[in-house]
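Novice: okay, predicted coordinates and the sequence, questions at the end:
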Amino acid sequence: MKNRKWAQLPVLQVLRESLAFPVLRVLSVVPVLTWMLAACTQPAPPPAPESDGAPESRPNLLLIVADDLGYTDIGAYGGEIRTPVLDDLASQSVMFTNFHVLPMCAPTRAMLLAGTDHHVAGLGTMFGSNFLPGLEGHTGYETYLHERVASLPERLAEVGYRSYMAGKWHLGPDPGQWPVDWGFDRSFVMLPGSGSHMAIPERVYVENDEWVEPTQEGFYSTRTYTDRLIGYIDEFHGDGQPFFVYAAYTSPHWPLQVPPDFIDLYAGDYDDGYDELRVARMERAEALGVIPETDPDYFEPLGPAWEELNSETQAHYARRMELYAAMVENLDHHVGRLIDHLENIGELDNTVILFMSDNGAATEQMEYNPGFSARIERENSDNSLENLGAADSYISYGANWAQAATAPFNRFKGFITEGGMLVPAYILHGNGTNPTGLDGQYLSAIDIAPTLL
């Protein structure tokens, strides 16, 4: 572990108690994080050793982060996409309706793992030539997770946890900046912020401290991340140490690429267009209580109405949304595999689960971005209607579908508005002892690390 100047994080006495007194066993009328944050203001004492010298039982921690998932994408928040696993977990959870992140992925992820303001963690903004050029390298804009902070895995290691990660890193591309350098015992990650979900002969993945090139047939990001996490859990299972699992999925982030057995699950489902979808989702979300009562006509259009598009353009955009929905359902499926595995090995009842998205729905249209359009041309991507969703296509779904996923809130990823920063999130204990229902108090990603500690 690096010799760092440790950040002064509040250490809350939560998720540390033995299962004889589960941390989420609170008064049913008190929302879980209200209790956590209000009742635990003093640092927790070191665990008292048991008769055999081992520390008291501590719950495992599972943090699931979806990438660019919209507020109303999953059924529990008003979506029509089939997400039975995520919806079932939500029904057993405290569901947050006022949970905020940052409007771009790397700053949110820095805040999650550091438990500090993202500037303190070195990610004051996304990095790259088109993000506030001239600031890179200055204090707060170092573009990687900075030594000023201590990571959540490092802090958890102090109280006996192992930590495993699979998915998007996006907190530093160079050796010395990888998850293995920040306290993760095992990790398989994509270093940059985006990339193909299929097998590619590119050096964008590392496992622990080694580069890997996922070229095997059948590689798909969401499945592979889940496979790795299950393998890491099994590798050390039974050693008596609790574990922290960071499932940092890259789905449903563009490019919209879908495995063959999922690619046509939503064929024809979005032919009515994004305007109809926005209204339908708002009605369901309002009925569920996850958004306030809102007039669906109170809306700022960001492009042509669906009915103004010609039939060819409608077909192209409907297909994009079909693929996006299929990616979300595929994500749900693999989260289910992970949850089922924890249950099968007897760990689910001893696991606290937190699910969230890293920012609002994404609107980037890759073919109109100069940098990505050059890449699309260079890699000979085939974005014809018939090929959309394949490994050699490279598309996103655009502003109007993204606005349907964030309505009634304004805008989406990249904007410091509710549409860019308000995300679905919930927490539960696998043994079912926590209260359930909606919690509308203001919370943010900066609360996660101190709470899990």
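Specialist: Noted; the coordinates are in hand.

Novice: contacts for stretch 203-223?
Specialist: 167, 175, 178, 180, 186-192, 195, 197-202, 224, 228, 249-251, 259, 327, 330-331, 334 (C-beta atoms under 8 Å, 6 or more residues apart in numbering). To be clear about C-beta, it is placed using only N, CA and C from the backbone, and glycine gets the same treatment.

Novice: do the same with stretch 402-421
Specialist: Contacts to stretch 402-421, defined as C-beta under 8 Å, 6+ apart, come from residues 68, 70-73, 100-104, 274-275, 277-278, 281-282, 291-292, 294, 296, 298-300, 302, 359-364, 399, 422.

Novice: can you do 7 Å?
Specialist: For stretch 402-421, contacts defined as C-beta atoms under 7 Å, 6 or more residues apart in numbering pick out 68, 70-73, 100-104, 274, 277-278, 281-282, 291, 294, 299, 302, 359-363, 422.

Novice: from what I see, residue 445 and residue 101 are in contact.
Specialist: Yes - the pair residue 445 and residue 101 passes the contact test of C-beta atoms under 7 Å, sitting 4.6 Å apart.

Novice: mutual contacts of these two, please.
Specialist: Residues touching both residue 445 and residue 101 by C-beta under 7 Å, 6+ apart: residue 108.

Novice: per-residue pLDDT of residue 144, please?
Specialist: Note for residue 144: predicted pLDDT of 87.

Novice: helix, strand, or coil at it?
Specialist: Following DSSP: H, G, I helix; E, B strand; the rest coil, we place residue 144 in the coil state.

Novice: from residue 448, how far off is it?
Specialist: Going from residue 144 to residue 448 by C-beta to C-beta, to the nearest Å gives 20 Å.

Novice: tell me which of those two has more neighbours.
Specialist: Per other C-beta atoms under 10 Å, whichever of residue 144 and residue 448 has more neighbours is residue 448, with 24 against 18.

Novice: okay, and that one sits in which element?
Specialist: helix 448-452 (DSSP states H and E).

Novice: where's that helix relative to the chain centroid, distance-wise?
Specialist: From the chain centre to the centre of helix 448-452 is a distance of 16 Å (C-alpha atoms, centre = their mean, to the nearest Å).

Novice: for that helix, the averaged confidence score.
Specialist: The average pLDDT within helix 448-452 is 92.

Novice: again with stretch 185-205
Specialist: For stretch 185-205, the per-residue pLDDT averages 89.

Novice: now it: buried residues?
Specialist: By neighbour count on 16 or more other C-beta atoms under 10 Å, the buried set for stretch 185-205 is 185-191, 193-200, 204-205.

Novice: tabulate the CA atom coordinates of the helix holding residue 448 in PDB.
Specialist: Only the C-alpha atoms of helix 448-452 are listed here, as PDB (Å, rounded to 0.1, in the frame of the first residue of the first chain):
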ATOM      1  CA  ILE A 448     -21.300   6.000   0.400                       C
ATOM      2  CA  ALA A 449     -17.700   5.400   1.600                       C
ATOM      3  CA  PRO A 450     -18.200   6.800   5.100                       C
ATOM      4  CA  THR A 451     -21.500   4.800   5.400                       C
ATOM      5  CA  LEU A 452     -19.900   1.500   4.400                       C
END
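
Novice: which strands and helices sit next to it?
Specialist: helix 105-114 (3 or more C-beta pairs under 7 Å, 6 or more residues apart in numbering; DSSP states H and E).

Novice: counting by contacts, list what the helix it packs on packs against.
Specialist: For helix 105-114, the elements it packs on are helix 448-452, judged by 3+ C-beta pairs under 7 Å, 6+ apart.

Novice: from the centroid of the protein, which residue is nearest?
Specialist: What sits nearest the mean C-alpha location of the chain, by C-alpha atoms, centre = their mean, is residue 65, with 2.0 Å.

Novice: quick check, that residue in a helix?
Specialist: No - going by three-state DSSP, the assignment for residue 65 is strand, not a helix.

Novice: residues in contact with the spatially closest residue to it that is not a sequence neighbour?
Specialist: Among residues not flanking residue 65 along the chain, residue 248 sits closest, at 5.0 Å (C-beta to C-beta, 6 or more residues apart in numbering). Residue 248 sits next to 65, 165, 167-168 when contact means C-beta under 7 Å, 6+ apart.

Novice: just residue 75 next, same as before
Specialist: With C-beta under 7 Å, 6+ apart, residue 75 has these contacts: 81, 83, 87.
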